[in-house]
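Participant: Need the 3D shape of this:
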Amino acid sequence: MPDSTLEEIERGWELLNEGQEEEALEIVREIEKRGDITQEEDLRCQILKGILVCFLGRFEEALKIGKKAYQESLRLEMPLLSIDVIFMEWVALIQLDRVEEAKKYIVYMKKTLKSTSQEPKSEVEQREAVLNYIRGWFFFEEGKLDPAKESLEKSLAIFKRYIHQSYLIPGILMIIGSVYFNKGELEEAQKLCQESLGRSKGSGIRIKLIELWDYARIGEIYYQQGELDLAIDFFEKSVKICEQEYLIQGVGLVYDNLIRIFLDKNDLERVNEYRDRFQQYKEKVKGWKNSQFYEISNARILKSSTRTRDKAKAEAFLIKIIEECTLETKAYAPSYNSPLNSAMIALCELYFEELKTTNDMAILEDIHPLIGRLISEAERTNSYSLQAHSFLLQGVIKLLQMNMGEARQFLTQAQRIANKHGLRRLARAISYEHDKMLEQLNKWENLNITDATISEIMDLTSIDEIIDGMQGKRAIKAPEIVSEKPELLLIIGEGGILIFSHPFIDEWKRDDTLFSSFLSAFSSFSNEFFTKGLDRAKFGDDLILMQSVGPFSICYLFKGQSYPATQRLTRFTEQIQNTTSIWQTLETFYKTSQVLELKDNPSLDSLITEIFFI
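Facilitator: Numbering: from 1, shown residues only. Below you'll find the predicted structure:
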């Protein structure tokens, strides 16, 4: 038996970490019955109780406990315990979907942390981990994936060292897994979600929520990988938790995914089964998102019909959903998982299907504003993956209209967004699409000359795959990375002044005429391409990438895939800008119109070797 009340409270935390919430709450009840405890012991007991009732789904009760406990912590001048109370209230507010109110708690916590300089370092460190957890959660909700990952991983590392708060680890792992998922790194996302499930202990509502989203996320991963039976298994586990608890809103997406999979499998019996279960669920758990996703699922069922009138009904349903979602004042989560985005993407898919069937180019006039709205919504919610996908789709539409210049501009824009926000898989896929388009320029020109039908042209594009990727149905194709073959590296100053030339192959050293022609052509090409915002060009059988830094254009000629070549060129561009000796040498040679040689700057020689040969 514990020798003191504080030891009993510590035992309560141990039970919480072991998943025994009710047993921990019984300890709290026994302590509360006694009248001989100190004010500090009572405060610590109430903090434990508040966290426990949060885990058991009694969030309003937790807020009442927190309000009183916070005032007591201030009176006792115990800032570490004040932070614990703030965190407990934050958890309750988030579960009650009072997100805007919860944002203020970051300010309270940061302010309180400033007054803990005299407290034990280990105790302060644990509270800093809590603050990083909260920051990471908000970063994720705002679509800021890299800051979210950084904050959450800092928090996780500390919580793994201190057993006292290990009950938070499953939730942190689940969110980091979702970060990786949104970045397209499916294997790492699955690993983290599985680890989260393995660490989840207990039967409280909060643990059930974590398990629900872990199962749903793993189901989405299998769905994107084309493993439909495994996806069904994990989605059904998620749905089972929903239907047992009847406390969780916003999980309509899970039902919608199951209905989509069974539509893909042409299993109408299971489609109708899940539509009926979805209807029962949304009637018991009121929430506008559930209702909207239910209507989207009905529209999908109608859209899958071969009857023209059913497709017309599906279109009307989706338009109505879009109008209703637009009027909804509640902010959407920054992901594909909002009803508005799902409805707009489903309507795009319906219009593309009609376009392929009818060859009526006027249908593109209905698609353009939808994609424009998708881009606006993605920008509003920092949904960078949706932004990149939408610009990629815009590029493909311009291909259908045989507008190669604008198609390349949209592909370049999509590429830059994916690169900037670390969406590596998507960036590889976009780069692949851009390379493929450049390789097939002659084929596109022949199609234009022969007046090919729109359905024939669509067969050359990846529209179906892009739409599937936007819906989370399957990951867009991202080929394995194969290193390119370097041929030439150039640095050109404003006005077309050659500052540096480094051939990687002997042919360039021997063929002075070709080399001179290349420089002349490139000078005119670069002015045109850069004003249009393009990042690559075709030069004979080779590709050339172009990046600007200060007064210089860095140009890289190669054979092979653009994606790995882009990574090298970006690294090289950043390094020359950040290496003072190289940058100053380039400026000197530019001002004197001289051509720099490697012997003039050994640092440049070493950098080229490091980046392009290793």
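Participant: first to last residue in stretch 467-482, what's the distance?
Facilitator: 26 Å (C-alpha to C-alpha, to the nearest Å).
Participant: how near is residue 495 to residue 589?
Facilitator: Noted for residue 495: a distance of 14 Å to residue 589, by C-beta to C-beta, to the nearest Å. Placement of C-beta: from N, CA and C, glycine included.
Participant: How about residue 150?
Facilitator: 39 Å.
Participant: Would you mind telling me which of these two has more residues around it?
Facilitator: Higher neighbour count among residue 150 and residue 589: residue 589, with 21 against 16, using other C-beta atoms under 10 Å.
Participant: so what pLDDT did that one get?
Facilitator: At residue 589, the model reports a pLDDT of 89.
Participant: my read: it touches residue 501, true?
Facilitator: No: Residue 589 is beyond contact range of residue 501, at 11.8 Å (criterion: C-beta atoms under 8 Å).
Participant: Give the intersection of the neighbour lists for the two.
Facilitator: Common contact partners of residue 589 and residue 501 (C-beta atoms under 8 Å, 6 or more residues apart in numbering): residue 595.
Participant: all strands of this structure, in order?
Facilitator: 485-493, 497-503, 536-539, 542-549, 552-559 (DSSP state E).
Participant: Just the mean pLDDT for the last one, thanks.
Facilitator: Going back to what we said before, that points to strand 552-559. 88.
Participant: partners of that strand in the sheet?
Facilitator: In the sheet, strand 552-559 lines up against strand 485-493 (antiparallel), strand 542-549 (antiparallel) (DSSP bridges).
Participant: circling back: going by mean pLDDT, which of the strands of the chain comes out lowest?
Facilitator: Among the strands of the chain, strand 536-539 scores lowest, at a mean of 76.
Participant: Go through that strand and flag the buried ones.
Facilitator: Within strand 536-539, the residues that count as buried by 16 or more other C-beta atoms under 10 Å are 536-537, 539.
Participant: and what of stretch 298-311?
Facilitator: So for stretch 298-311, counting by 16+ other C-beta under 10 Å, buried means 298-304, 311.
Participant: In helices only, show me those.
Facilitator: Cross-referencing these against helices under DSSP state H gives 298-303, 311.
Participant: Which two among those residues are spaced furthest apart?
Facilitator: 298 and 311 (13.1 Å; C-beta to C-beta).
Participant: Name the residues contacting each of those two.
Facilitator: Joint contacts of residue 298 and residue 311 (C-beta under 8 Å, 6+ apart) do not exist.
Participant: about what we covered before: make JSON lines out of the strands paired with strand 552-559 and add mean neighbour count.
Facilitator: Formatted as JSON lines, those follow (neighbours: other C-beta atoms under 10 Å):
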{"stretch": "strand 485-493", "mean neighbour count": "20"}
{"stretch": "strand 542-549", "mean neighbour count": "18"}
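Participant: among those, which is nearest residue 465?
Facilitator: strand 542-549 (22.6 Å).
Participant: Outside of that closest one itself, which residues are in contact with it?
Facilitator: 435, 438, 487, 522, 526, 529-530, 534-538, 553-560, 562, 565-566, 569-570, 573, 576-577.
Participant: now with 6 Å?
Facilitator: 536-537, 553-557, 559, 562, 565-566, 569, 573, 577 (C-beta atoms under 6 Å, 6 or more residues apart in numbering).
Participant: Now restrict the residues you listed to buried residues only.
Facilitator: The buried subset of the contacts of strand 542-549 - by 16+ other C-beta under 10 Å - is 536-537, 553-557, 562, 565-566, 569, 573.
Participant: now, among those, which is nearest to residue 66?
Facilitator: Using C-beta to C-beta, the buried ones among the contacts of strand 542-549 come closest to residue 66 at residue 566, 50.2 Å.
Participant: so what's that closest one up against?
Facilitator: Shown in contact with residue 566 (C-beta under 6 Å, 6+ apart): residue 545.
Participant: go with 8 Å
Facilitator: Contacts of residue 566 by C-beta under 8 Å, 6+ apart are 415, 419, 431, 535, 545.
Participant: Show the buried residues in those residues.
Facilitator: When the contacts of residue 566 are checked against 16+ other C-beta under 10 Å, the ones flagged as buried are 415, 419, 431, 535, 545.
Participant: Of these, which belong to helices?
Facilitator: 415, 419, 431.
Participant: Which of those residues sits closest to residue 170?
Facilitator: residue 419 (32.4 Å).
Participant: Centre-most residue in this protein?
Facilitator: Central residue of the chain (C-alpha atoms, centre = their mean): residue 182, 2.8 Å from the mean position.
Participant: Roughly how far does that residue sit from residue 143?
Facilitator: 8 Å.
Participant: do the same with residue 604
Facilitator: For residue 604, the distance to residue 143 - C-beta to C-beta - is 39 Å.
Participant: out of those two, which sits in the busier spot?
Facilitator: residue 604 (24 against 21).
Participant: Per-residue pLDDT of the more buried one, please?
Facilitator: 89.
Participant: okay, now the residue lying closest to residue 361 once chain neighbours are set aside: neighbour count?
Facilitator: Distances taken as C-beta to C-beta, 6 or more residues apart in numbering place residue 454 nearest to residue 361, at 6.2 Å, with adjacent residues excluded. Summarising burial for residue 454: neighbours were counted as other C-beta under 10 Å, giving 17.
Participant: Pull the contacting residues for residue 454.
Facilitator: So residue 454 contacts 355-356, 359-361, 400 (C-beta under 8 Å, 6+ apart).
Participant: Just the buried residues of those residues.
Facilitator: 355-356, 400.
Participant: before we move on, the earlier item: just flag the most distant two among the contacts of strand 542-549.
Facilitator: 559 and 577 (26.8 Å).
Participant: Can you lay out the buried residues of stretch 298-311 as TSV showing pLDDT and distance to residue 51?
Facilitator: What follows is the buried residues of stretch 298-311, written out as TSV (pLDDT from 0 to 100; distance: C-beta to C-beta, whole Å):
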residue	pLDDT	distance to residue 51
298	94	41
299	94	42
300	94	41
301	95	43
302	94	47
303	93	46
304	92	47
311	93	52
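Participant: For those, give me JSON lines that also has distance to residue 193.
Facilitator: JSON lines is the format used below for the buried residues of stretch 298-311 (distance: C-beta to C-beta, whole Å):
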{"residue": "298", "distance to residue 193": "30"}
{"residue": "299", "distance to residue 193": "30"}
{"residue": "300", "distance to residue 193": "26"}
{"residue": "301", "distance to residue 193": "29"}
{"residue": "302", "distance to residue 193": "33"}
{"residue": "303", "distance to residue 193": "31"}
{"residue": "304", "distance to residue 193": "30"}
{"residue": "311", "distance to residue 193": "37"}
